[in-house]
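In: Give me a 3D structure for the following:
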Amino acid sequence: MGSSEGVGASSKQCGITKPISMAGPTVNDLQRTTELEKFLAVSGLYENKEEAAKREEVLHRLEQIVKNWVKQLTRLRGYTDQMVEDANAIILTFGSFRLGVHGPGADLDTICIGPSYVNREEDFFYTLHDILANMEEVSELQPIPDAHVPVMKFKFDGISIDLLYASISHLIVPEDLVISDVSLLHNVDEPTVRSLNGCRVADQILKLVPNVEHFRTTLRCLKFWAKRRGIYSNVTGFLGGVNLALLVARVCQLYPNAVPSMLVSRFFRVYTQWRWPTPVMLCPIEENELGFSVWHPRKNPRDRSHLMPIITPAYPCMNSSYNVSTSTLRVMMEQFQFGNKICGDVELNKGCWKDMFEPYGFFESYTNYLQVDVVAADVDDLRNWKGWVGSRLRQLTLMIERDTFGKLQCHPYHHEYIDTSRQSAHCAFFVGLQRKQGEVVQEGQQFDIRGTIEEFLHAVNMYMFWKPEMEIFVSHVRRRQIPCYVFPDGYKRLRPSRPTSKENHKSSCKNEVSGTEVRKRKNNDGLGVREDATLKKQCTSPPEGRWASRSGLGTGAVSDSQQLRNVECNHLSNSGQELSRTESPEPASNSSGIASVTSDSGSSEDTGAVSVAGCVEDSTGGVDMNNNGRFESSTYVNGSVQLVKTE
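Out: Below is the predicted model of the structure:
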């Protein structure tokens, strides 16, 4: 782990720019790396030999299943006996397992590669699905054919598996298939390309980092950190495994002789200063005669709206972080700054590594939340239903940003919580709400999100596998109304109130909130819903995003900040990408647009927050609100977000 290993690894340039620093580790750096590795081991991030052997056994058994499945289909389609004998399919891994950073209980990301005459729509999602469904070892089987990357999720002998399928233009799939060969992408559709690129991207990352073991330790550490700090969820607009791997790999290229403790520190140093939307790339973007679209903001207008581009290194190069929104980028930048501060303390011997992994206090960070309750008849239906709802939370964030012109910010939390006291199968998601910091508040203004939530619910209820028992409820709750089942011990821990001076009291924001719930279908679990909800807002597409202007690096005293600026400039010029800035028109106003925002005062605890005011358009009678802030009525519920002035 010494500096000589790093120097040997850096004999050739990795990446599209020169490194920021070629410095190797000091004695203190090596000591901190040893402490970090011990902490990761004690935290249970490494799989033991028994678990590793079981994974290998499951992979072997799964491969035998798909080989037999392809032979069976070959025989049914009338091919010769020799063709049946030669028929083949293979299983490859991707994601954390292929990168070598998986831990105990991690999902096993796999892809089945089959011949040209075995298709995804019928053969994979029906025939193979039925084979798996009838096996005792298989449980929790969940096909998701309409996903961006179609997948079957299930557990095989207790191991969670995500299985993709790719049909390549070969009659016989060779056992020694070279996945990096671009010719595999001939005559295949885009879902197949996305499926194959999981393996191709992982292999390219390992080729493009100067020291694979240092990369793995650093990535394992930062994945653990992202999970603890609540930003490890690609589906809700944060960082997933591939995003983090690419970010870490770029830091490894910029500091090729650094050991893991140095790389973790440099990770936060670099990305607290990175001028998004400058893209993170490990190699130049490759054009190819195959004609697949690659990430290129000058040629592709949609790419200009990407806020945090992290580009995959395998053709066709794509932005792996297109899910990131204004709100989720804000949350991630706050967490990068948190990590940067802790690493600074560690380097000064004022802190220890465990400080960096303190769980994020989500339910202490906001005054107002949206609570999304998901209900189904049984656990199997709930598994499918909550997966669909969870995948749409990002859309709710984007809709709220759109309809409030970015002035109401959201923090969708990827954890799900279960109320075990309910008779029906249940889980809940939460979204933190706050007014954008620095916004000028005018008397009488408010955010009206009733139509936004109606639009979200309408989209969610278009689920193709919907059943009458599947319900969704969106409610506003304040911090003090957060249900006890979300807390680890089943109750809220009392925390001392913050001391507030008279001056702070006058200058900060306090929110008076009335609870709001918007509901779609009636159920029998006591929540009360309207039976005949009518959408009062036409579904509108999000406006074309703006390619943000590239401002300065901001604050943060680091010795190599100027090198980082140069890296970004060289990065863009060397890649051949000219990032054009475009001005998009302001989003059109609609029936649930901004009404107003009020100047407000109150305790420092509520500074910069917003409140959700529940208003009712009552054409049929009065509305009663129960203690949970939910309306018990069949009238149309107006869920507006409002800053209320109080004395």
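
In: Is Ile91 part of a helix or strand, or is it coil?
Out: Assigned by DSSP: H, G, I helix; E, B strand; the rest coil, the conformation of Ile91 is strand.

In: quick one: it and Leu59 touch, right?
Out: Yes - under the criterion of C-beta atoms under 8 Å, Ile91 is in contact with Leu59, at a separation of 6.2 Å. C-betas here are computed from N, CA, C, even on glycine.

In: so what sits against both of those two?
Out: Counting by C-beta atoms under 8 Å, 6 or more residues apart in numbering, the shared contacts of Ile91 and Leu59 are Thr110.

In: burial count for Ala53?
Out: 11 (other C-beta atoms under 10 Å).

In: ok, now Val70?
Out: Neighbours around Val70, by other C-beta under 10 Å: 24.

In: got the residue ranges for the helices in the stretch 351-500 of the chain?
Out: Per DSSP state H, counting those that start in this stretch, the stretch 351-500 of the chain carries helices over the ranges 362-365, 379-403, 450-460.

In: pull the CA atoms of stretch 206-218 into CSV?
Out: Provided in CSV are the C-alpha atoms of stretch 206-218 (Å, rounded to 0.1, in the frame of the first residue of the first chain):
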residue,chain,number,x,y,z
LEU,A,206,-11.5,-1.0,-14.1
LYS,A,207,-9.2,-0.4,-17.1
LEU,A,208,-9.2,3.4,-16.7
VAL,A,209,-8.2,3.7,-13.0
PRO,A,210,-4.5,3.7,-12.2
ASN,A,211,-4.8,1.4,-9.1
VAL,A,212,-7.8,-1.0,-9.0
GLU,A,213,-7.4,-1.9,-5.3
HIS,A,214,-7.2,1.7,-4.1
PHE,A,215,-10.2,2.4,-6.3
ARG,A,216,-12.2,-0.4,-4.7
THR,A,217,-11.5,0.5,-1.1
THR,A,218,-12.3,4.2,-1.8
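
In: May I see the buried residues of that stretch?
Out: Under the neighbour-count criterion of 16 or more other C-beta atoms under 10 Å, stretch 206-218 has 206, 208-211, 214-218 buried.

In: in this structure, which ranges drop under the pLDDT threshold?
Out: The model of the chain has pLDDT under 70 over residues 1-13, 441-445, 489-647.

In: One more pass at 80, please.
Out: 1-14, 288-289, 438-447, 488-647 (pLDDT under 80).

In: Correct me if wrong: Leu73 contacts Val118.
Out: Yes - using C-beta under 8 Å, Leu73 is in contact with Val118, at 5.6 Å.

In: Would you mark the buried spots in the lengthiest helix in the chain?
Out: Secondary structure assigned by DSSP state H gives helix 49-76 as the longest helix of the chain. Within helix 49-76, the residues scored as buried using 16+ other C-beta under 10 Å are 51, 55, 58-59, 62-63, 65-67, 69-74.

In: just stretch 198-205 next, same as before
Out: 198-205.

In: any idea which helix or strand carries Val178?
Out: Assignment of secondary structure by DSSP states H and E places Val178 within no helix or strand.

In: i'd like the first residue to be 7 from this point on
Out: All right, first residue 7 from here; so that's Val184.

In: can you pull the contacts of it?
Out: Per C-beta under 8 Å, 6+ apart, neighbours of Val184: none.

In: How much space separates it from Ala95?
Out: Applying C-beta to C-beta, to the nearest Å, the value for Val184 to Ala95 is 16 Å.

In: Same check on Leu376?
Out: For Leu376, the distance to Ala95 - C-beta to C-beta - is 44 Å.

In: what does Thr334 give?
Out: Counting by C-beta to C-beta, the gap from Thr334 to Ala95 is 38 Å.

In: Which strands or helices does the longest helix of the chain pack on?
Out: If you count contacts as 3 or more C-beta pairs under 8 Å, 6 or more residues apart in numbering; DSSP states H and E, helix 55-82 packs onto helix 87-92, strand 96-99, strand 114-120, helix 135-139, strand 157-162, strand 165-173.

In: can I get the CA coordinates of the following helix or strand past the fourth one in CSV?
Out: Next in sequence after helix 135-139, counting helices and strands by DSSP H and E, comes strand 144-150. Only the C-alpha atoms of strand 144-150 are listed here, as CSV (Å, rounded to 0.1, in the frame of the first residue of the first chain):
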residue,chain,number,x,y,z
VAL,A,144,-37.2,-18.6,-6.2
SER,A,145,-39.2,-16.1,-4.2
GLU,A,146,-40.4,-12.5,-4.5
LEU,A,147,-40.4,-12.8,-8.3
GLN,A,148,-41.1,-9.3,-9.8
PRO,A,149,-41.0,-8.7,-13.6
ILE,A,150,-40.5,-5.0,-14.6
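
In: Report the inter-axis angle for strand 144-150 versus strand 157-162.
Out: Relative orientation of strand 144-150 versus strand 157-162 (axes from the mean of the first three to the mean of the last three C-alpha atoms, to 10 degrees): 170 degrees.

In: Can you list the neighbours in contact with strand 144-150?
Out: In contact with strand 144-150 (C-beta under 8 Å, 6+ apart) are residues 131, 135, 138-139, 156-162, 386, 389-390, 393.

In: ok, these vs Ser430, which is closest?
Out: Asp386 (13.0 Å; C-beta to C-beta).

In: List the buried residues of stretch 414-430.
Out: Result for stretch 414-430 [16+ other C-beta under 10 Å]: buried residues 414-420, 422-423, 430.

In: And stretch 359-379, by the same measure?
Out: Neighbour-count burial for stretch 359-379 [16+ other C-beta under 10 Å]: 359, 362-363, 366, 368, 371-379.

In: next one: stretch 183-190
Out: 183, 185, 190.

In: will you turn these into JSON lines that also has distance to Leu313?
Out: What follows is these, written out as JSON lines (distance: C-beta to C-beta, whole Å):
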{"residue": "Leu183", "distance to Leu313": "37"}
{"residue": "Ile185", "distance to Leu313": "31"}
{"residue": "Leu190", "distance to Leu313": "32"}
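
In: quick one, what contacts Ser102?
Out: Residues in contact with Ser102 (C-beta under 8 Å, 6+ apart) are 108-109, 112, 115, 229, 247.

In: so Met476 makes contact with Asp387?
Out: Yes - using C-beta under 8 Å, Met476 makes contact with Asp387 at a distance of 6.4 Å.

In: So the two - more neighbours on which side?
Out: Met476 (24 against 18).

In: need the contact list for the more buried one.
Out: Going by C-beta under 8 Å, 6+ apart, the list of residues near Met476 reads 381-383, 387, 391, 469.

In: Please apply the same query to Ala431.
Out: By C-beta under 8 Å, 6+ apart, the contact set of Ala431 is 381-385, 387-388.

In: cool, and Cys118?
Out: Cys118 touches 72, 95-97, 130, 134, 169-172, counting by C-beta under 8 Å, 6+ apart.

In: and with 10 Å instead?
Out: Going by C-beta atoms under 10 Å, 6 or more residues apart in numbering, Cys118 touches 68-69, 71-73, 75-76, 95-98, 124, 126, 130, 134, 158, 169-173, 179, 201.

In: Give me the most central residue, this structure.
Out: The centre of the chain sits closest to Asn240, judged by C-alpha atoms, centre = their mean, with a distance of 1.7 Å.
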